[in-house]
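>>> the sequence and its predicted three-dimensional model are supplied below.
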Amino acid sequence: MTPETKAVAAPVDGGTARTLEVRGVVQGVGFRPFVWRLAARHRIRGWVRNDGGLVTIHAEGTEDALEAFATGLRVEAPPLARVEDVVVVAAAPEGFPTFEVDLSTDGASGVRLVSPDAATCAACLEELFDPDDRRYRYPFINCTDCGPRFTIIESLPYDRERTSMHVFPMCADCRREYEDPADRRFHAEPVACPACGPRLSLIGADDDRDPLRAAAALLRAGDIVAVKGLGGFHLACDATNAQAVAALRERKRRPDKPFAVMVATLEDARRWFNPTPFEAEALASWRAPIVLVADRGLLAEGVAPGHRRQGAMLPSTPLHHLLTRESGVPLVMTSGNATDEPICITDADAFERLAPIADAFLVHDRAIVARYDDSLVRVRTGEDRPTVFRRARSLAPYPLPLARPVPRPVLGTGAELHGAFCLASGTRAFLSQHVGDLDTDEAMGAFRQAYDRARKVLRVEPEVVAHDLHPDLMTTRFAETLGLPREAVQHHHAHVAATMAEHGLEGEVLGLAFDGLGYGDDGTIWGGELLVADLASGRRVGRLRPVRQPGGDAATRAPWRMALAHAAAAGLGEEALAILSPPHEEATVVIGQLSSGLGSPWTSSAGRLFDAVAALLGVCRERATYEGQPAMLLEQAADRAEADPWEVPVVEEPDSGLLQLDTRGLLGELIDGLHDACGAPELAARFHASLSEAAADLCRAARDRTGGLDRVVLGGGVFQNDLFTSQLVARLSARGFRVFLPREVPVGDGGIALGQVAVAAARMEAS
């Protein structure tokens, strides 16, 4: 949204004064100090204060000075601020002799915007490593341009007494900085120093006289240290130590899923990884997310087994800056939990739940108010800025603009995997931080806590709740408990609507939704769908040819089951059995399930097709230990060179009239290739090329049927696959389509709550 200053009324007799209301992300970003400095420059008198969710200014000065002042509010705002609107009206001059920062009020001003946490700025880093500075090596250094925000806020307006810093009275030196408008820490609410602020301690080590140095020594010695950060605990170990990495995997019960690795500086990132210039820019940004970058093969093999790309990150807090430099090695920095549990945020919880994992605990005495994971981004092939895969620290709760205001405040409860909710009011949608998979009571407890806090802090009270069509998801059941009017939204329609909402699209589009699974309108498992959709509705016009999913969810954990299902559907069951060599007794059961249909629902899932191919090629056959593992490893295995696609016919189903990708011949080509001793890289590359070619053909056939729809909207977790997605976008573009992919919203289930909100709003507007 482009901020704009409203028309200014005529000057008031006896002098010139204005009242200005600034809306947007203007709290917790150094906005009031910025206003004070701007006022001093333009010789403006009056005051500025936080009023609930906005900043109010009374300004007195000359006409020219007031015009320049109002313009400066819009174009010179601090880097973390987002000015959406500046409303200016005439006011009566009161003869103020100076310009002051007034006390905050909690005005009833509707929705309130809050800045996310920001990585340590350059000025604070300089002080952190300056032996002559009074904050030398102080792990909680911050200023108005950096440091904790949403993770310490208990309520708004954003003042120290309403944050977890209220238990740390400022010393005289910090108070002097805090009250000096010319200082970088003027009204920096988390301001602190070694004399008055939070302190570190090391639990579980013999020597904690210098907790940081002792913790770094433990890491160098191969121990695992639980580190309390901003939004929760991390588990850290030496990423070059194979034994330490293996121990962390065993204790955390995470056998294969890649770990993120933190290095001290951008130069270190270039030493250990091979980031592109755009990836390096993302690494060094104030958001400091995890960035997927090419691996140099210098870390322990167990950090990201089977992957040619690693999740790299730079420190986001002074504590992490100190720890990485003191340890002198790249550090695995993974979420502080056992697999499938919420991240620990209190010391007591960490000591109990992480005791079987961590050898020591590096903790501090500042409370964590909000549970936050690290954001994850990737710079896609051919693009120059990152796409969000996981929206968490540094991204949420920045609002996403909506092209049309929602008629009533709406909550979208999201899906089961990669849980996140969305609150929308007016023209803003607040997509929450990544909460995790929502398949346990503990996970749903964390979800409820995050929702209750967001509703309170953002001041959005939903009047309608949108949820997944599946009746048995925990998020659906949660929606039922709220006592609000409900809108059930089909999973793949929500994927398409999320992308439409981000791009502000109206009218009908072709929505291509490829993912693992979603409950379909017909009660079967969907996952490879082509819809003709607008925001209010979506109808299925095409799909992948359905096959049985033997054992239901068991097939997602044992990829060979889906390989056998796809091969059997192609009349190649015996050939597949010879290649797969599954356990005889289990194979007998699966063959019976495929024959009888018992415990084997139909599925059109694209994700399960990737599983089948990964199993046939031996990339991931016996078991998948994390969601999407077979597809990720299949992408890694593929030769990146352009491959000739096999033909995958687009046919019309005689009964339903749906367009269908007939994948049976594709399975035959793969099995023939294996018999001809073709390698997995070549066959994986040809599979990606074939499916992307076929999906583009499917869209072209639908365009011919629908009167020329030429906008293709992509959604679903399969589009995290960069090789497949880049090929598909190129092929669709060559066929004359305009293609839309999300960038700020996760393309997988982490963004689906936004789609639910958009669908519910469109239906309300139409009713």
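Sure thing, it's come through.
>>> so which residues of the stretch 551-700 of the chain form strands?
For the stretch 551-700 of the chain, the strands defined by DSSP state E, counting those that start in this stretch cover 602-603, 650-652, 659-661.
>>> and what of the stretch 201-350 of the chain?
Ranges of strands in the stretch 201-350 of the chain, per DSSP E, counting those that start in this stretch, are 225-228, 233-238, 260-262, 273-274, 290-295, 309-313, 331-335.
>>> okay if I get these as TSV plus distance to Ala606, mean neighbour count and mean pLDDT?
Bear in mind the C-beta positions are built from the backbone N, C-alpha and C, glycine included. Below are the strands of the stretch 201-350 of the chain laid out as TSV (distance: least, Cβ to Cβ, whole Å; neighbours: other Cβ atoms under 10 Å; pLDDT from 0 to 100):
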stretch	distance to Ala606	mean neighbour count	mean pLDDT
strand 225-228	38	25	98
strand 233-238	33	27	98
strand 260-262	27	26	98
strand 273-274	30	20	98
strand 290-295	21	24	96
strand 309-313	21	25	96
strand 331-335	28	26	97
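>>> save those as TSV, and put in distance to Phe96 too.
Listed next are the strands of the stretch 201-350 of the chain as TSV, based on distance: least, Cβ to Cβ, whole Å:
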stretch	distance to Phe96
strand 225-228	45
strand 233-238	48
strand 260-262	49
strand 273-274	55
strand 290-295	48
strand 309-313	47
strand 331-335	50
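>>> out of those strands, which is closest to Val87?
The minimum distance between Val87 and the strands of the stretch 201-350 of the chain falls on strand 290-295, with 38.4 Å, by Cβ to Cβ.
>>> how far off strand 309-313 does the closest one point, in degrees?
Angle, strand 290-295 to strand 309-313, by axes from the mean of the first three to the mean of the last three Cα atoms, to 10 degrees: 130 degrees.
>>> next, the angle from strand 290-295 to strand 331-335.
Relative orientation of strand 290-295 versus strand 331-335 (the same axes, to 10 degrees): 140 degrees.
>>> number of nearby residues for the closest residue to Gly53 other than its chain neighbours?
The shortest distance from Gly53 to any non-neighbouring residue, by Cβ to Cβ, 6 or more residues apart in numbering, is to Arg112 (3.0 Å). Using other Cβ atoms under 10 Å, Arg112 has 23 neighbouring residues.
>>> how about Asp374?
Using other Cβ under 10 Å, Asp374 has 25 neighbouring residues.
>>> quick one: classify it as helix, strand or coil.
coil (DSSP: H, G, I helix; E, B strand; the rest coil).
>>> that one against Ala392, yeah?
Yes. Using Cβ atoms under 8 Å, Asp374 is in contact with Ala392, at 6.0 Å.
>>> what comes up buried for stretch 420-432?
Buried positions in stretch 420-432, judged by neighbour count with 16 or more other Cβ atoms under 10 Å: Ala420, Phe421, Cys422, Leu423, Ala424, Ser425, Thr427, Arg428, Ala429, Phe430, Leu431, Ser432.
>>> apologies, that question was intended for stretch 747-765.
Judged by neighbour count (16+ other Cβ under 10 Å), stretch 747-765 contains these buried residues: 747-764.
>>> now it, how far from the centre of its chain.
Taking the mean of its C-alpha atoms, stretch 747-765 sits 16 Å from the chain's own mean (Cα atoms, centre = their mean, to the nearest Å).
>>> and stretch 277-292, by the same measure?
Remark: stretch 277-292 is offset 14 Å from the chain centroid, using Cα atoms, centre = their mean.
>>> contacting residues around it?
Outside of stretch 277-292, the residues within contact range by Cβ atoms under 8 Å, 6 or more residues apart in numbering are 79-80, 118-119, 121, 146, 260, 266, 269-270, 275, 293, 309-316, 374-379, 383-386, 389-390, 393-395.
>>> filter the residues you listed to the buried ones?
Using 16+ other Cβ under 10 Å, the buried ones in those are 80, 118-119, 121, 146, 260, 269, 275, 293, 309-316, 374-379, 386, 389-390, 393-395.
>>> what ranges do the helices span in the stretch 301-450 of the chain?
Using DSSP state H, counting those that start in this stretch, the helices of the stretch 301-450 of the chain run over residues 318-327, 347-353, 441-458.
>>> circling back: pLDDT and distance to Thr151 added to the buried residues of stretch 420-432, as CSV?
Listed next are those as CSV, based on pLDDT from 0 to 100; distance: Cβ to Cβ, whole Å:
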residue, pLDDT, distance to Thr151
Ala420, 98, 16
Phe421, 98, 17
Cys422, 98, 20
Leu423, 98, 18
Ala424, 97, 23
Ser425, 96, 23
Thr427, 94, 26
Arg428, 94, 21
Ala429, 97, 21
Phe430, 97, 16
Leu431, 98, 17
Ser432, 97, 13
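>>> and which of these is nearest to Phe610?
Ala420 (23.4 Å).
>>> distance from the chain centre to the longest strand anywhere in the chain, please.
Longest strand in the chain by number of residues (criterion: DSSP state E): strand 400-412. Averaging C-alpha positions (Cα atoms, centre = their mean) puts strand 400-412 20 Å from its chain's average.
>>> do the same with stretch 744-757
9 Å.
>>> what mean pLDDT does that stretch get?
For stretch 744-757, mean pLDDT rounds to 98.
>>> going forward, the N-terminal residue is numbered 10.
Okay, residue one is now 10; in that scheme the one you just asked about reads as stretch 753-766.
>>> number of nearby residues for Ala181?
Residues near Ala181, counting by other Cβ under 10 Å: 8.
>>> my bad, His512
For His512, the number of neighbouring residues by other Cβ under 10 Å comes to 16.
>>> what's the distance between the closest residue in space to it that isn't next to it in sequence and Val628?
Leaving aside its chain neighbours, His512 sits nearest to Phe749 (5.1 Å; criterion: Cβ to Cβ, 6+ apart). Noted for Phe749: a distance of 30 Å to Val628, by Cβ to Cβ, to the nearest Å.
>>> same drill for these two, tell me which one is more crowded.
It is Val628, of Phe749 and Val628, that has more neighbours when counted by other Cβ under 10 Å, with 25 against 20.
>>> residues in contact with that one?
Here Val628 is in contact with Gly315, Pro639, Leu642, Leu643, Ala646, Ala689, Ala693 (Cβ under 8 Å, 6+ apart).
>>> wait, the fifth one touches Gly688, no?
Going back to what we said before, that points to Ala646. No. Applying Cβ under 8 Å, one finds Ala646 not in contact with Gly688, separated by 9.1 Å.
>>> around the closest residue to Arg334 other than its chain neighbours, how many other residues sit close by?
Leaving aside its chain neighbours, Arg334 sits nearest to Ala273 (4.9 Å; criterion: Cβ to Cβ, 6+ apart). By the criterion of other Cβ under 10 Å, Ala273 has 21 neighbours.
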